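J.: pasting a predicted model and its sequence here:
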Amino acid sequence: MKNLVRYIVTRTLLTIPMVLILLSIVFVVLRVMPGDPVSSMLGGHAPERVIEQKKEELGLNRPLAVQYVDYLWQVARLDLGDSMVFQQGVTDAIIEKMPATIELTFFAMIITLVVGVFLGAYAADHRREFRDSMIRLYGIVIYCIPVYWLGLMLQLIFGIWLDIFPIAGRTGSRILSSTFEQSGFYVIDTLRAGNYAAFGDVMHHLVLPAFTLGLTLSGIFVRLTRANMLDVLKADYIVAAEARGITHTKIVYRHALKNAMIPILTMMGLQVALLMAGAILTETTFSWPGMGRLLLERIYLRDYPTIQGVIIVYALFVAMVSLVVDIIYAMVDPRIRY
């Protein structure tokens, strides 16, 4: 237990320099990029005197070192500041958009694990057969496909040609005027209110973006699950289980898959960063009102505080998930603690 606590404390402390380095890189990159918030607000034909006055109001004419120290002090006080372009606090904007991104990421991860793990286990069970080759080919191809292209193809096929699923937004127009309590998590809100028609509409809108993001990353888990399952299926206890007359399906999908899940669990934590990155393009493709779309819009406007605030939240979220996965891994495998 003592080793586990020491491991948790060490991993927690290691996240601090990681987040600090990321914030520093973002701060520098934003300020060396062409353009600035003042140009976005006033346009390219504003008088130089007006531009300089606006920069002074926003503090953009101060030395970069001073801006950087103020920025770190502001973050340390958990204050993300106000938007330079809109009359809105950065924290309020993030809180408004965060539930949409969390819902999309959560359901995309479920699809990633279900499709990836099942196909990987099935391919390992039928190794060296034609279906094994097809599943391995799927894993390579789906990972290489750009997430925005896959989203556009799903929109074209299932949204326009077949007209089965909506291609944009989180809900229909009638649901937006419904009276259920909105915390931002529409799936939970509609279930809590007992509004099953609204729940069905929310899930209907969630299908295409969740499958777009989930399928893109499922290829990683197909290959990882197959490789680990092949190693596990060669173990002595698998041979012993077969000798005892246990059904083949039970051996593969209960005993073998359970023991192959530890590396998959670690990879799941690592893929959260890719899910969050993929959510930016997915939300843009499907006009999904989440943090990814907010980030992209504010990048165009060079809204420094909002961009930095969203990336801070992304960094902390990924660091937190990675920390939780590492702790679970250490609890499952005692060798990690030493």
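T.: That came in fine, so what should we check first? Numbering: from 1, shown residues only.

J.: secondary structure element for the closest residue to Asn259 other than its chain neighbours?
T.: Nearest in space to Asn259, with sequence neighbours left out and distances taken as C-beta to C-beta, 6 or more residues apart in numbering, is Val232 at 5.1 Å. The C-beta positions use only the backbone N, C-alpha and C, and glycine is treated the same way. Per DSSP states H and E: Val232 is located in helix 196-233.

J.: what's the first helix or strand after that helix?
T.: helix 236-243.

J.: could you give the angle of that following helix to helix 196-233?
T.: Between helix 236-243 and helix 196-233, the angle comes out at 100 degrees (axes from the mean of the first three to the mean of the last three C-alpha atoms, to 10 degrees).

J.: and the helix or strand hosting Arg298, what does it pack against?
T.: Under DSSP H and E, the secondary-structure element containing Arg298 is helix 291-301. Judged by 3 or more C-beta pairs under 8 Å, 6 or more residues apart in numbering; DSSP states H and E, helix 291-301 is in contact with helix 37-42, helix 90-125, helix 261-285, helix 304-332.

J.: any idea which of these gets closest to Tyr7?
T.: Closest to Tyr7 of the helices and strands packed on helix 291-301 is helix 304-332 (C-beta to C-beta; 5.4 Å).

J.: pLDDT on that closest one, on average?
T.: With pLDDT averaged residue by residue, helix 304-332 scores 79.

J.: over to stretch 223-238?
T.: The model assigns stretch 223-238 a mean pLDDT of 86.

J.: residues making contact with it?
T.: 116-117, 119-121, 123-125, 127, 132, 135-136, 139-140, 251-252, 255-257, 259-260, 263-264, 267 (C-beta atoms under 8 Å, 6 or more residues apart in numbering).

J.: try 10 Å
T.: For stretch 223-238, the external contacting residues (C-beta atoms under 10 Å, 6 or more residues apart in numbering) are 113, 116-125, 127, 132, 135-136, 139-140, 143, 239, 241-242, 246, 251-253, 255-264, 266-268, 271.

J.: in it, what counts as buried?
T.: Arg223, Leu224, Thr225, Arg226, Asn228, Met229, Leu230, Val232, Leu233, Ile238 (16 or more other C-beta atoms under 10 Å).

J.: okay, angle between the helix holding Val232 and helix 261-285 too, please.
T.: Going by the same axes, to 10 degrees, helix 196-233 makes 140 degrees with helix 261-285.

J.: that older thread, filter the contacts of stretch 223-238 to the buried ones?
T.: The neighbour count (16+ other C-beta under 10 Å) marks 113, 116-125, 132, 135-136, 139, 241, 251-253, 255-257, 260-261, 264, 266-268, 271 as buried among the contacts of stretch 223-238.

J.: pull the number of nearby residues for the closest residue to Ile328 other than its chain neighbours.
T.: The shortest distance from Ile328 to any non-neighbouring residue, by C-beta to C-beta, 6+ apart, is to Leu265 (6.5 Å). Leu265 is flanked by 13 other residues according to other C-beta atoms under 10 Å.

J.: much appreciated, bye for now.
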